[in-house]
Structure formats: structure tokens, C-alpha cells
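Participant: Have a look; sequence and predicted model below, questions after that.
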Amino acid sequence: MTNLIRIFDNQILNRLFYLFDLLPLGSIIVQEIGKINLSENDKKDIKKLKSYFHIKKRDKYLKLLITSTTMITIGYLLYHQWYKFVLFKIWSLSIYQGKFSIFIRGQSISEHY
């Protein structure tokens, strides 16, 4: 979803969303907006693909463990008023999974001419 070129038909609005992608949690919000604007055919294709992947019960528990550990750590940092560290963590994760990630762009450059 983060590699969508056009979220809206308006080019100026798309470029503003590229900048919005750089804000903390911006990439997650842009992804959700992109999901809303998918065509019905794309939604059906995604639903078909999801049927091929089954998450094991053990993996669900591990995901829950990792999520709860992260939330406890963030809560601890906020309790001790380390807001800058929490902001840095959220911001860096947002940029890592967004359109401007150097890792995603590097992979794209290596696979395409």
C-alpha cells in the first residue's frame, strides 16, 4: 500500500500526501486512506490473496506478546517523561515503512531498471 503512486485523482493532493507521509504515523494514515479508495476489483483480489495465508496460533500469541511488550515500554517511557524518545521511535518507524524509506527505494532500484 505504501507504494501507491496515486491515492487521489488530483496530482496536487497526491503530492501533499507524500509530505504527510513524513509526519509521525503519517504513513499509517495514508495507507488507510489508500485502502478506502481501492476499486472493488482490487478489494476482491486482496480478499482472495488473504485466503492463501493462514497465521498459526503460536504466531498470533507471539505477535500479541511483542505488541504488549512494546506498549508497556512506550508507557514506561511516557511515565518517565521521555517524550522525545517516544516521538523518535514512532517517527522513525513511520518513515521506515513509508514511501521515503531508503530500504524500499533501494530494493525497487535493484529490481527495476
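Facilitator: Sure thing, it's come through.
Participant: residue ranges with poor pLDDT in the chain?
Facilitator: Of all residues in the chain, those with pLDDT under 70 make up the ranges 1-8, 113.
Participant: can you pull out the helices in this structure?
Facilitator: Across the chain, reading from the start of the chain, the helices by DSSP state H fall at 11-20, 26-36, 40-50, 57-79, 83-97, 102-111.
Participant: Go through those and pick out the most buried.
Facilitator: Comparing the helices of the chain by mean neighbour count (mean count of other C-beta atoms under 10 Å), helix 26-36 ranks first with a mean of 16. Quick note: C-beta positions are derived from backbone N, CA and C, even for glycine.
Participant: mind listing what the residue nearest the centre of the chain touches?
Facilitator: Per C-alpha atoms, centre = their mean, the C-alpha nearest to the average position across the chain is that of I28, at 4.3 Å. Under the criterion of C-beta atoms under 8 Å, 6 or more residues apart in numbering, the neighbours of I28 are S94, Q97.
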